[in-house]
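Q: would you be able to build a 3D model of this:
(chains A, B, C and D)
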There are 2 protein chains.
Amino acid sequence: MTEKEHQRYRARAKVIKALGHPTRLFLVDQIAHEEKCVCELTQLVGADMSTVSKHLAILREAGIVEDEKRGLQVFYRLRVPCILNLFTCVEGVLKADAKAQAAAAR
Amino acid sequence: MTEKEHQRYRARAKVIKALGHPTRLFLVDQIAHEEKCVCELTQLVGADMSTVSKHLAILREAGIVEDEKRGLQVFYRLRVPCILNLFTCVEGVLKADAKAQAAAAR
DNA sequence: TTCCTATTTGCCATTTTAGGAAAATAATTT
DNA sequence: AAATTATTTTCCTAAAATGGCAAATAGGAA
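A: Okay, here's the model as predicted:
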């Protein structure tokens, strides 16, 4: 792997890694169809607001979501909708797992 | 987020997290179209074989790749081709980033 | 201004991840 | 059987990620 290649894979990995956390996946799902403020997301997640804020910051820095401040609140929305296709694929992996396990048990 | 939901998101995150590393993304790319043995992948990556083996194990445990031992060698291949679509989406994120940066600089 | 609310940031303890070196396994070859 | 090759596992250390609490920041309302 050349240095240039490595750099490219690092950039890609940063985006994917940002999605590699249960809470952040949940957040992406929550704002998939309509923007929501941190306060609402905090309630939905059920963790400290600072924790949720930091998760959102990671998604923002990865370029997956964008934010907009209106009054006191900050609203987050999905920036790249194709992310949702990813979920379909991941479900495919999990389904293949279930099938393989069933076959192994047979 | 209920416990059941959390469990579901954790399973999904495990799959995605497995992809969230430069070397593992590179490995997936390398075996995308034809299986390769650990020895060949080790040379391509340019790291310790034990390191590469461990990365492959993470991908296997996530259900993304599968392995087959033939003689002394172990060959790895992609198990879920839709993973490759993900790369397209990630490139989209990176491209959107570049565009936004260009706009901000203007 | 002062108070209140929403959000982010800094700090800290804990856990997880990464990667190399060496040892352990496994299948071939001599 | 002994030596060789490919791979995995174990051990260990360094680095990064997590998450809550408290403090800082920012905007709006009294």
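Q: got the end-to-end distance for stretch A:73-90?
A: Terminal residues of stretch A:73-90 lie 33 Å apart, using CA to CA, to the nearest Å.
Q: what residues does the helix-or-strand element of chain A with minimal mean pLDDT touch?
A: In chain A, no helix or strand scores lower on mean pLDDT, DSSP states H and E than helix A:83-105, which sits at a mean of 87. Helix A:83-105 has contacts (CB atoms under 8 Å, 6 or more residues apart in numbering or on different chains) with A:19, A:25, A:28-29, A:32, A:64, A:78, B:11-12, B:15-16, B:62-64, B:79-80, B:82-83, B:85-86, B:89, B:93. In short, each C-beta sits where N, CA and C put it, glycine included.
Q: buried sites along the helix or strand in which A:Leu27 is found?
A: A:Leu27 belongs to helix A:22-30 when assigned by DSSP states H and E. By neighbour count on 16 or more other CB atoms under 10 Å in any protein chain shown, the buried set for helix A:22-30 is A:22-30.
Q: take these and write them to CSV, including distance to DNA strand D.
A: Formatted as CSV, these follow (distance: CB to the nearest atom of the strand, whole Å):
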residue, distance to DNA strand D
A:Pro22, 7
A:Thr23, 5
A:Arg24, 7
A:Leu25, 11
A:Phe26, 11
A:Leu27, 11
A:Val28, 14
A:Asp29, 16
A:Gln30, 15
